[in-house]
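**Student:** The sequence isn't on hand, but the structure is:
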Ligand SMILES: C/C(=C\Cc1cc(O)c2ccccc2c1O)CCC[C@H](C)CCC[C@H](C)CCCC(C)C
Ligand SMILES: C[S@@+](CC[C@H](N)C(=O)[O-])C[C@H]1O[C@@H](n2cnc3c(N)ncnc32)[C@H](O)[C@@H]1O
């Protein structure tokens, strides 16, 4: 642990208890892995349907906030079916490199098939890796930018994941973390939970995935607020961290620079 972290540990109240950064006890990693593998075949289509296509706009914003540019070497962490990796691929171009990492082989299989079907020339710069966000198979200071789209919330040890992101980012580089926003405003929470209960889960039940999409509600409840996301980034060593609310506070994007 870096010496600065030890100093933070010693100052009372200067650092939130790390337990706050662990995902809820709702599921162990294997159960989460199985959940995302089960939804992999319909994941993209349901995202488009249930967000009326808006999630693609949110993901473009996340990529823009990452600062990825032509020729960069970048990571889409918790890449799933690859939405953000494909956007990063177009951003860094054929001279750049994109790695998409996920621990669900079924999600990665969908990403590979999309890469083949979409067959844009720049997509040849994407490599898919099966791995765990809390133990990244990359050297220190390896990436020019990192995105995590709807992933950090689903990682059990979020602090460890942010430490790993910090480790593999080059100094001065940025991670862009897009996810639902654990809002302080009750109206936003009420609206989102009503939508999940009365639209998302009923639609998902048509695919036999009611339980999986019901998990959305509990996982958002167990997530970190924007302020806590900024805290976790600073505690992990980032020099700056800012959480931006989007879509009326339904979602948020943490931008943290090493
Ligand atoms: C891309 C989106 C969600 C990804 C996602 C994340 C998870 O943690 C899951 C966990 C379990 C099952 C599925 C997921 C999952 O898909 C966001 C868009 C898809 C959402 C399912 C739609 C949610 C709708 C909003 C609550 C309200 C949108 C209002 C308006 C259309 C903007
Ligand atoms: C909701 S999906 C998001 C996928 C994609 N980033 C997107 O924006 O659509 C969350 C993804 O995180 C992956 N995931 C969850 N915990 C992980 C971990 N510890 N290591 C690697 N991947 C993980 C899941 O397998 C799943 O594909």
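**Tutor:** Happy to help now that I have it. This structure is a prediction, so every number in the text was calculated from the model and none was measured. Ligands and ions are numbered 1, 2, ... in the order given.

**Student:** Quick one: residues contacting residue 97.
**Tutor:** Neighbour list for residue 97: 72-74, 125, 127 [criterion: Cβ atoms under 8 Å, 6 or more residues apart in numbering]. C-betas here are computed from N, CA, C, even on glycine.

**Student:** among the residues you listed, which one has the lowest pLDDT?
**Tutor:** Lowest pLDDT among the contacts of residue 97: residue 125, with 95.

**Student:** Can I get the buried part of the contacts of residue 97 as one ChimeraX selection?
**Tutor:** Filtering these down to the buried ones (16 or more other Cβ atoms under 10 Å) takes a single ChimeraX command:
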select :72,73,74,125
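
**Student:** Residue 209: which of the contacts of residue 97 is nearest?
**Tutor:** Nearest to residue 209, judged by Cβ to Cβ, of these is residue 127 at 29.3 Å.

**Student:** Contacts only, for the closest residue to that closest one other than its chain neighbours.
**Tutor:** The shortest distance from residue 127 to any non-neighbouring residue, by Cβ to Cβ, 6 or more residues apart in numbering, is to residue 99 (5.1 Å). Residues in contact with residue 99 (Cβ under 8 Å, 6+ apart) are 73-76, 85, 126-129, 138, 143.

**Student:** Now the buried members of those residues.
**Tutor:** Buried among the contacts of residue 99 (16+ other Cβ under 10 Å): 73-76, 85, 126, 128, 138, 143.

**Student:** Scan this protein for its longest helix.
**Tutor:** Counting residues, the longest helix found in the chain (DSSP state H) is helix 29-50.

**Student:** out of the contacts of residue 97, which are inside strands?
**Tutor:** 73-74, 127 (DSSP state E).

**Student:** Can you lay out the residues you listed as JSON lines showing distance to residue 81?
**Tutor:** Converted to JSON lines, the ones in strands among the contacts of residue 97 look like this (distance: Cβ to Cβ, whole Å):
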{"residue": "73", "distance to residue 81": "22"}
{"residue": "74", "distance to residue 81": "17"}
{"residue": "127", "distance to residue 81": "15"}
